[in-house]
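**Q** Got a sequence here, can you model it:
(chains A and B)
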Amino acid sequence: MTYDMVISIITSTLRLSVPVMMATVGCSFSTQGGVTAFGCEGMMAAGAIFATIGAYFSGNKWVGILAGVAAAMLISCIHGVLHIKYRVNATLSGMSVNLLGTAMATLLLKLVWQEEGFSPPTEAFTKLAANPAFQWLTKIPVAGYILGEQSVYFFFCIIMIVISWMFMYKTAYGLRLRMVGENPVAANTVGINTVRYKYFGVLVCGFMAGLGGTFLSLVGMNRYTIDMTAGRGYVAMVINNLGASNPIGSALASIFFGFFDCLQFVFQGVNTPAQLLMMMPYVFTLLICLANTKRSRGPAGMGKFYDD
Amino acid sequence: MNGNTGKSKLSGRFSIFSRSAAALLAALLIGGVIITLGGYSFVDVYAAIFKGSLGSSRGIVLSLATATPIMFTGLGFAIGIKVGIVNTGLEGQLYMGALVSALVGAYIPMPAGVHVVVSMLAGAVAGGLAGTLMGWFRVQFGAPEVITGIMMNSIITLFTSYLSNDPLKPPNVGSAQTIQIKETAELIKLVPKSQLTTAFIVAIVMCILVYWMQRKTVWGYKMTAVGLNPRASMVAGISSSRMYLLALALSGAMAGLAGSGLALGIFKRFIESVSNGLGFQGIPVSALAGHNPLGVIVSALLFGVLKAGATMVNQSTSIPYEFVDVVQALVVVFVAAPAIITEPVRFIYRKIADRGTASGSAAGAK
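**A** Numbers count the residues shown, from 1 in each chain, chains lettered A, B, ... in the order given. Predicted coordinates:
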């Protein structure tokens, strides 16, 4: 294995972990608030398709981000209303918004562009090395090249992870959010509006998962392709479980997923069937799921409400 | 006393029925609004769809054929829900069933009559084993079946795609598939030159059998008890683990049969994209039926009509077929929380009523 290959693996691992990383940080808010973080898949799909629609019609990638995030938050609202207001089991309500998000994405592809497989190209985020303002970054030895290959999303993602961690463990709001997740009855007794905190967790989950979705269509590619999320929303949930719903732990865990995801690109030329390489991240996630579930069990008040 | 329970049972059934009907109507309405926003005419689309599926004998046959796989997967989902398990792995189980059926049908020579039955059973067993594996993950490791199901879907579809692209692909064929099954393994067509095969009859028989099993047998009773309260059933000496395994084996077998029906009846081989989300479409089918096996027959037929109509329309005009998937997803949302529809309706109704009384009283004051 050559030096170049190692560098290329590190670079693409970091690049491919970003969408899952964002979604998994969102999941940690939802989970800490005691709402099972299903529905990420649908939120990511909505984020991805609406990012492309926004960027295509405005010609501006930033508008694309806004559109994608807004759509994903709308989907998360449906999940929130179903689960928090109407007390539908979070698994079922998450599953229903997943179905809705992915079906809407495929339908919109057809309605807007009359296309089956993928949308026309839009403006997209390029790697930082291509931007003159960030030339100084590439001057750093080794790390400069790796970071230069990332997009601005990567850095934004790191900032969000740190903010999320600080919010969750260093502020009173974060403490209350976690209390709502652990014991909504007790939280209600001390005067915390548990419903509001649960909605907050679900909405942040929609925001972050939507951002992850916009990454797929605005950075990973410059268009929406069918079934773009490919189960990443579910993966984010497992990864979040592995990281015990701690934003930093979850983000680090999602690097594993990025690694297995990048193998298909690294070994593309080598004589290995593509499908078997594409299987790797899912096999990895399944194994994590089996190894980890007995150890980490999320908050005690998962799926419970103040009046239960 | 007796009459009372009978009445409440009847009204319960009625409420499930009205809930499903309202959900379906609301979903059709919103789906129509979306398609209108996309630049099509609301009335034209639905008229074309129902004319396409119910207007001709060809359309009706296609509707029944389209209903067959989703009847199986819907039944599979309903079996899982009865014990409190959300089986999201139906898609992968369907692929397993289709692949194994196609292989048995192609490679193992058997006398006519026996061959098709054995191939179909092999598909059911393959799907059932995939389901059991999922159940074992849950029972042994406590892994949430929703996640393991999705992961197994991805793994199985990619693996079968590898098999049909590489080792099992016949030479000189462009697309990914296995070799054609023998004639003895083909399902009999109920209508010549159509996609309607005996799999349709098997699907209906299965729905009735599962209904009977759930209502009249000890196993069914135990499953229902576990679904209602796992802890209480454990106290009563029912092993919930065993029920989970059994239910997932059955559920997977139904998905496997859906795959067999497609491989042996329609494609005559395993193809890479044998099902595009038919496993997931089991969820709306089962939800609309209130997770009742007999209801699954009706709701699968309803969705079959919709999907077949959309296919027929799609051939002549450009109305996107995918909007049926959105309608199905909306059905799941509305069945889960009917208040989403009823509350705004009631709110608007009250507003109108208020305005009516307000203007009435104002007129009276004058």
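
**Q** where do the helices sit along the chain?
**A** Answering for chain A, as no chain was given. A:3-32, A:40-58, A:61-80, A:90-113, A:135-138, A:143-148, A:152-170, A:172-182, A:184-189, A:194-215, A:232-242, A:247-266, A:274-292 (DSSP state H).

**Q** sorry, should have said chain B
**A** Taking DSSP H as the criterion, chain B carries its helices at B:2-37, B:42-54, B:57-82, B:90-107, B:114-141, B:145-165, B:199-216, B:218-228, B:230-235, B:240-260, B:278-288, B:293-316, B:323-336, B:339-365.

**Q** Point out where chain B drops to low pLDDT.
**A** Applying pLDDT under 70 to chain B flags residues B:1-14, B:314-318, B:358-366.

**Q** At the geometric centre of it, which residue sits there?
**A** Geometric centre of chain B, nearest residue: residue B:282, 2.2 Å, by CA atoms, centre = their mean.

**Q** which ones are touching the residue of the stretch 151-300 of chain A found nearest chain B?
**A** Per CB to the nearest CB, residue A:275 is where the stretch 151-300 of chain A lies closest to chain B, at 3.7 Å. Glycine gets a C-beta too; all of them are placed from N, C-alpha and C. Counting by CB atoms under 8 Å, 6 or more residues apart in numbering or on different chains, residue A:275 touches B:158-159, B:161-162, B:165.

**Q** hmm, 10 Å instead?
**A** Contacts for residue A:275 were tallied using CB atoms under 10 Å, 6 or more residues apart in numbering or on different chains; they are A:264, B:157-166, B:176, B:272.

**Q** If we ignore the residues flanking it in sequence, what's nearest the residue nearest to the centre of chain B?
**A** With CB to CB, 6 or more residues apart in numbering or on different chains as the criterion, residue B:282 has its nearest non-adjacent residue at 3.0 Å, and that residue is residue B:73.

**Q** got it, and residue A:9?
**A** Computed as CB to CB, 6+ apart, the closest residue to residue A:9 that is not its neighbour in sequence is residue A:266, at 5.6 Å.

**Q** hang on, the one you found packs against residue A:15?
**A** No - using CB atoms under 10 Å as the test, residue A:266 is too far from residue A:15 to be in contact (12.0 Å).

**Q** Give me the contact list for stretch B:55-62.
**A** With contacts defined as CB under 10 Å, 6+ apart, stretch B:55-62 is touched by B:47-54, B:189-191, B:193-196, B:200, B:304-305, B:307-309, B:311-312.

**Q** same check, this time on stretch B:106-115
**A** Applying CB under 10 Å, 6+ apart, the contact partners of stretch B:106-115 are B:104-105, B:116-119, B:122, B:168, B:170, B:178-186, B:263-264, B:268-270.

**Q** and those, which are buried?
**A** Among the contacts of stretch B:106-115, those classed as buried by neighbour count (16 or more other CB atoms under 10 Å in any protein chain shown) are B:104-105, B:116, B:118-119, B:122, B:168, B:178-182, B:184-186, B:263-264, B:268-270.

**Q** residues near the residue nearest to residue A:9, how many?
**A** Residue A:266 has 15 neighbours, counted by other CB atoms under 10 Å in any protein chain shown.

**Q** which residues sit in contact with it?
**A** A:5, A:8-9, A:12-13, A:259, A:277.

**Q** and it, what pLDDT?
**A** Note on residue A:266: pLDDT of 75.

**Q** again with the one 4 residues further on
**A** pLDDT recorded at residue A:270 is 71.

**Q** contacting residues around it?
**A** Residues near residue A:270 by CB under 10 Å, 6+ apart: residue A:277.

**Q** can I get the CA coordinates of stretch B:127-144 in PDB?
**A** C-alpha atoms of stretch B:127-144 as PDB (Å, rounded to 0.1, in the frame of the first residue of the first chain):
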ATOM      1  CA  GLY B 127     -37.500 -15.700   2.800                       C
ATOM      2  CA  GLY B 128     -38.500 -17.300   6.100                       C
ATOM      3  CA  LEU B 129     -34.900 -18.000   6.900                       C
ATOM      4  CA  ALA B 130     -33.900 -14.400   6.200                       C
ATOM      5  CA  GLY B 131     -36.700 -13.400   8.500                       C
ATOM      6  CA  THR B 132     -35.700 -15.800  11.200                       C
ATOM      7  CA  LEU B 133     -32.100 -14.500  11.000                       C
ATOM      8  CA  MET B 134     -33.500 -11.000  11.700                       C
ATOM      9  CA  GLY B 135     -35.600 -12.400  14.600                       C
ATOM     10  CA  TRP B 136     -32.500 -14.100  15.900                       C
ATOM     11  CA  PHE B 137     -30.600 -10.800  15.900                       C
ATOM     12  CA  ARG B 138     -33.400  -9.300  17.900                       C
ATOM     13  CA  VAL B 139     -33.700 -12.200  20.400                       C
ATOM     14  CA  GLN B 140     -30.000 -12.900  20.800                       C
ATOM     15  CA  PHE B 141     -28.500  -9.500  20.600                       C
ATOM     16  CA  GLY B 142     -31.500  -7.200  21.300                       C
ATOM     17  CA  ALA B 143     -30.800  -5.500  17.900                       C
ATOM     18  CA  PRO B 144     -33.800  -3.300  16.800                       C
END
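
**Q** That stretch vs chain A: in contact?
**A** Yes - against chain A, stretch B:127-144 shows contacts by CB under 10 Å from any CB of the partner chain at B:136-138, B:140-144.

**Q** Got a quick ChimeraX command for the buried subset of those?
**A** Of the residues of stretch B:127-144 next to chain A, the buried ones can be selected in ChimeraX as follows, counting by 16+ other CB under 10 Å:
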select /B:136,137,138,143,144
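
**Q** Give the burial count for residue A:78, as a bare number.
**A** 22.

**Q** ok, the closest residue to residue B:80 other than its chain neighbours to chain A distance?
**A** Nearest residue to residue B:80, sequence neighbours excluded (CB to CB, 6+ apart): residue B:87, at 3.6 Å. As judged by CB to the nearest CB, to the nearest Å, residue B:87 and chain A stand 11 Å apart.

**Q** Spit out the contact partners of residue B:87.
**A** Residues in contact with residue B:87, defined by CB under 10 Å, 6+ apart, are B:73, B:76-81, B:93, B:131, B:134-135, B:145-146, B:149, B:247-248, B:251-252, B:254-255, B:279, B:282-283, B:286.

**Q** Ok, residue B:136 next?
**A** Applying CB under 10 Å, 6+ apart, we find residue B:136 in contact with A:290, B:143, B:148, B:241, B:244-245, B:248.

**Q** how does it look with 8 Å?
**A** Going by CB under 8 Å, 6+ apart, residue B:136 touches residue B:245.

**Q** isn't residue A:23 right next to residue A:215, touching?
**A** No - with contacts defined as CB atoms under 8 Å, residue A:23 does not count as touching residue A:215, sitting 9.4 Å away.

**Q** Have a look at these two and say which one is more surrounded.
**A** Remark: of residue A:23 and residue A:215, residue A:23 carries more neighbours, 35 against 31, as counted by other CB under 10 Å.

**Q** show me the residues around the more buried one that make contact.
**A** A:40, A:43-44, A:208-209, A:212-213, A:232-233, A:236.

**Q** try 6 Å this time
**A** By CB atoms under 6 Å, 6 or more residues apart in numbering or on different chains, the contact list for residue A:23 reads A:40, A:209, A:212, A:236.

**Q** For it, which non-adjacent residue is spatially closest?
**A** Nearest residue to residue A:23 in three dimensions, chain neighbours excluded: residue A:236, at 3.6 Å (CB to CB, 6+ apart).

**Q** How many neighbouring residues does residue 115 have?
**A** I'll assume chain A. Residue A:115: 15 neighbours (other CB under 10 Å).

**Q** sorry, should have said chain B
**A** If you count neighbours by other CB under 10 Å, residue B:115 ends up with 21.

**Q** Residue A:160 too?
**A** The local packing of residue A:160 (other CB under 10 Å) involves 20 other residues.

**Q** Okay, the nearest residue to it once chain neighbours are set aside and residue A:17: tell me how far apart.
**A** Spatial nearest neighbour of residue A:160, chain neighbours left out: residue A:25 (6.2 Å); criterion: CB to CB, 6+ apart. Counting by CB to CB, to the nearest Å, the gap from residue A:25 to residue A:17 is 12 Å.
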